[in-house]
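Participant: got a sequence here, can you build the structure:
(chains A, B and C)
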Amino acid sequence: MAVWSIFKGFWTGTVRNRANLVYMLVMPVVFLLVFGILPRIGGQTLPVAVVDDDHTVVARAYIAALRQTDGVHVEEVADDAIGDTLRSFRAACIVTFPHGFQDAVLRGQTPQVIWVNSPNASADAQVRIQRLQERMQEWTLLGEAGVQQATAGHADVSGTSGGDRRAEAFAAGMQEALHLTPAFASRAVSTSADDRASASLPQEQQAVIGVALMFIIFTVFGSTGTVLLHRNSGVWDRLLASPAPPWQVLAGYGLAFFSVGWVQFAILCLAGAAFGSPVPLNPPAIAVVTAYVLAICGIALCIAGLVKNVEQHMSIGTFVAVTTSMVGGAYWPLDIEPEWMQRLAWFVPQGWAMNGFKAAVLGWGATPDTWLSLGVLAVLAVVFFTVGMVQLRYS
Amino acid sequence: MRVVWAMVWAQLLDLLRDRKALLLILAMPLVLTAILGFALNGLFAGKPLPVVRVVVHDADGGAYAQQLTAFLKGQSLFRVSEAASAESARQALASGQADVALEIPHGASGVIDHGGSAQVNVEAPVQQAFRQGLVQQYVDGFGSRWSAVSTAIRDGLPPASAAAGEPLQIREAASGTRPLNAKTYYAYAMMAMFLLLHAVQRAGVLVRIRQSDQFKRIAAGPVSTSAVAVGDLISTLFVLAAQCLVLFAAYRWILGADTGPPLQMGVLTGSYLFALAGLSLVIGRWVRSEAVVDGLAGIGVNVMAVLGGSMYPVYGFPDWVQRLAQFLPNGRILKAWLDSAMGVSWHEVWVAAVYLLAVALVCLLAAAVRRPAVA
Amino acid sequence: MLEVRDLRKTYGSHVAVDGVSFTVSPGDAFGLLGPNGAGKSTTIAMVSGLIQPDSGEVLLQGHSLRAHPRFVKQRLGLVPQHIALHERLTAEENLRYWGQVYGVHGARLRDNVEWCLRVAGLTDHRKQRVERFSGGMKRRLNIAVGLIHRPEVLIMDEPTVGIDAQSRNHILDTVRELNRDGMTVIYTSHYMQEVEYLCNRLAILDHGRMIAYGALDDVRLLAGGLSTVRMDLDGDPAPALDALQQALPAERVEAGEGRISFHVRDPGPAVGKAVLALSQYGIAPLRIDIERPNLEAAFLQLTGRRLRDGGDA
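Facilitator: Predicted coordinates for the structure are as follows:
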């Protein structure tokens, strides 16, 4: 059957091209590594840099308390690294304990810290910074109370020789703050049963799926480009002149493009599994990939009908792949974008494919959200693939 | 020198008349910067704080609960209303009149009097999770402050000084660093990447010329090979500089990206262009086949761009990747450009510039030891 | 056997092929001659079923291409103008691929592959990828692929465009051999020597119209049996032009820089007269070529243009 010969010939030619193999195997894995290891900038913890110019019991006690605070990540930096720390986004704020900090505490003066906020601290981070400052006030208060208590109990602490012991009393008082029972404790209660619109994929799987969606476009454009080559070289004419019916020729090529897209996805899936973030291949996932690949094949064929040569085809393909993947949420979760940009995802297949994958990975089952994504993808697939095939037939 | 200028002129005309190339080196970086700048601005500046509408249902009615409500009312961030029942609070939430509902349970004051912790439910639909978090922070803050003060008093601190504002003085100092927005980040990220791409593509042109009869013509002429090399170097520098200027102007005045002091930017950019021209020349000299250069342009540049932070902010990478990025010319220049835009000392500018010039020097030496032969 | 009836194809307002009809009998080597853009390739594309004619019909053994495309296509073998091969497949893989596309399988496919490799002289290079072939080898394989299903009619669309003399001769000899062994061949070219060498019958196309059709000798006669005389001279013929025209009143003498040419029924006496006329002006011939009646002359006679000037003359 001609379908099979065309399919086989296409694949033999594809795997014998070393550049193709690099594009299909090496590049996606590199992208996966990079996007897979990305921590979210400005994530759940507040990065705080600390400069200790005092090197005293009290200053260390503050730093220890900072380290024990939930939702804060503390990094100690040197005095001269402040600028670089801020420019490298390693801290939302920098707290400096100046020389003489403990002395001020022990002399009963108001101790002073120097506080530098990153100009890039988000509003959310600023609220958390404010909260952290309040915590430090509380620590100081309880530290003072600790000294007070020690002084009241033991007269020897009050003299100048008792400085060390008073410092320790201060530190002990601060420790108390960490075990304080707060008068009020909040508890978050969600009033929505379960909200799918804002659910997001785990980052590693988001990376695998996103990179896969992008590279499917690259490889499919690479393979539909061969139609242009075959048309220019006369292979296409030869096929049309053969007694094989046109539908078999179209089916052979269509199957080849489709399988290339799927193989690309499978490669990413395997790589994801190897890196420890497997993407489940359940029926919704299979349906999503199938429809997505068909839609991309159709789009690529339509563009192949409009351009003159393979170079044009590939450069348009690259452009389309990169821009629509960004807009569609294949590179990063869309919720970090402004809302109007999130809406743009409605207009690119990747947006619906990402939603479909959410359904598949998070196990939504047969809900309206799942059906909506699958339905839109199916419509895109049918429309674009049909148009692509028709234009291929009559080109 | 005439030869050199003739070569530069021919290369420039060649570029200006190649519409596809212009599209790639000018339009692509602009479009990508615009998309990335808008999409990822949240990573840099964050969203501004919203005003949160809180509806409070105080089922307790005790003093502590009233203090909490008053405290929240005192915050400019919140617009607080009170509901008579839990039911009406939830209704306000459901109808969208309030973003977050606060339920202070009956008997809360009693729990606190016995040294316990009163649990307060902060209710919100999932879309309002961010606002919900804000309310929680303030409630928890109030709770822990209240306990700290009462503990301090119990431990013997005079109530007057315990309640008196701030025992720790927090002196806020200016950072001396300007904020960075996504547009600025990606303007430089795309410039670093597309200049690199262009440099590698120019290496491809060198390889192609060497394989063509054009090179035979040059080699047969009375021009020394070193003059040809200088011509190649200068024309690459020139073309890259032209691209750089156009992009820079577009970024600065169309997209509104920030920039550092002109002199710093000039030194850095010049060093980078030298490094790239050197890289281009060394590839052009050492690589034989055009296919290999195409591969370098397609894959090598992409990998370098990703590692160098052109796709995703380099600050999000693990430390070892960030260190590695500093060895790549494109990663180094991106950091240096951004540092300069945020404000940096000349010392650090020179460190980056010297590194880039060293790369250029190594490349030029490597290119010089290889004399091109007629194919 | 193959009958082409009144084919017509227009693209917008441009008439590419305008009422072309011819018949090819079994064992014929049929030439389709014409300048670039004359409509040869469009005609071939319609005959081999690549494009639908606006009107007209192609019949093979009485079966219409339109009604029975599989029957007809199964018996036609097309050799496109370009190298229509899969570059990354080997010679043998290409032959197997195209064999399967043409519905040849099993032992028959094996036999045909061997035969095609032999015909193309590529038996020793069967395992080599086409991308590593020389230009001539690619051409030969390109033809061999057209033979893989042992077609009854082999259609070749300008198979010798842009190749070196040696490969060209090899191809011409191969086609001649195949034709001698009984294969019917349709051969298009704008090189009249090739058609003269290979074909026993031909049609000449110009501007989409058939301007001559028949056996080779008959078409040659259309030129009125004129021979072409070309003379290279040791001086500028311009001053002698009037004298020449007087010496040869029936012919139109064309003069170029240091050369003249004219067409004449009986070249012997005419050459004598011309040499004499020239010598009166002190011009002597360096070289004299006489071409016996040929297609070139026929074409010139029919269109007033030289064949090689192409369609844009």
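
Participant: C:Gln81 reaches C:Glu158, doesn't it?
Facilitator: Yes. C:Gln81 lies in contact with C:Glu158 (C-beta atoms under 8 Å); the separation is 4.8 Å. Every residue, glycine included, has its C-beta placed from N, CA and C.

Participant: shared neighbours of the two, anything?
Facilitator: Taking C-beta atoms under 8 Å, 6 or more residues apart in numbering or on different chains as the contact rule, C:Gln81 and C:Glu158 both touch C:Ser41.

Participant: and the pLDDT at the residue nearest to C:Leu222 when sequence neighbours are not counted?
Facilitator: Leaving aside its sequence neighbours, C:Leu222 sits nearest to C:Ala298 (C-beta to C-beta, 6 or more residues apart in numbering or on different chains; 4.8 Å). Note on C:Ala298: pLDDT of 74.

Participant: C:Ala298 touches C:Ile204, doesn't it?
Facilitator: Yes. Using C-beta under 8 Å, C:Ala298 makes contact with C:Ile204 at a distance of 7.4 Å.

Participant: just checking, B:Leu134 touches B:Leu77?
Facilitator: Yes. Using C-beta under 8 Å, B:Leu134 is in contact with B:Leu77, at 6.7 Å.

Participant: okay, the two: which has more neighbours?
Facilitator: B:Leu134 (24 against 16; other C-beta atoms under 10 Å in any protein chain shown).

Participant: ok but the more buried one is inside a helix, no?
Facilitator: Yes. Counting by DSSP: H, G, I helix; E, B strand; the rest coil, B:Leu134 is part of a helix.

Participant: residues in contact with the residue of the stretch 101-250 of chain C at minimum distance from chain A?
Facilitator: Residue nearest to chain A within the stretch 101-250 of chain C (C-beta to the nearest C-beta): C:Val101, separated by 4.7 Å. By C-beta under 8 Å, 6+ apart, C:Val101 lies in contact with A:Ala2, A:Ser5, A:Ile6, A:Leu239, A:Ser242, A:Ala244.

Participant: and chain C, which of those reach it?
Facilitator: Filtering the contacts of C:Val101 for neighbours of chain C using C-beta under 8 Å from any C-beta of the partner chain leaves A:Ala2, A:Ser5, A:Ile6, A:Leu239, A:Ser242, A:Ala244.

Participant: would you turn the residues you listed into a markdown table with distance to C:Ile260?
Facilitator: Shown next, in a markdown table, are those (distance: C-beta to C-beta, whole Å):
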| residue | distance to C:Ile260 |
| --- | --- |
| A:Ala2 | 59 |
| A:Ser5 | 59 |
| A:Ile6 | 58 |
| A:Leu239 | 52 |
| A:Ser242 | 52 |
| A:Ala244 | 57 |
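
Participant: ok, those residues vs chain C, which is closest?
Facilitator: Closest to chain C, out of all of these and judged by C-beta to the nearest C-beta, is A:Ser5, at 3.7 Å.

Participant: before we move on, the earlier item: show only the entries of the ones next to chain C among the contacts of C:Val101 found in strands.
Facilitator: If you go by DSSP state E, the ones next to chain C among the contacts of C:Val101 have nothing in strands.

Participant: what is the nearest of these to A:Ala185?
Facilitator: Set against A:Ala185, the nearest of these by C-beta to C-beta is A:Ile6 (68.5 Å).

Participant: next up, phi/psi of the closest residue to chain B within chain A, please.
Facilitator: Taking C-beta to the nearest C-beta as the measure, chain A has A:Ser122 as its residue closest to chain B, at 2.2 Å. Backbone torsions of A:Ser122, given as degrees, to the nearest 10, read phi -70, psi 170.
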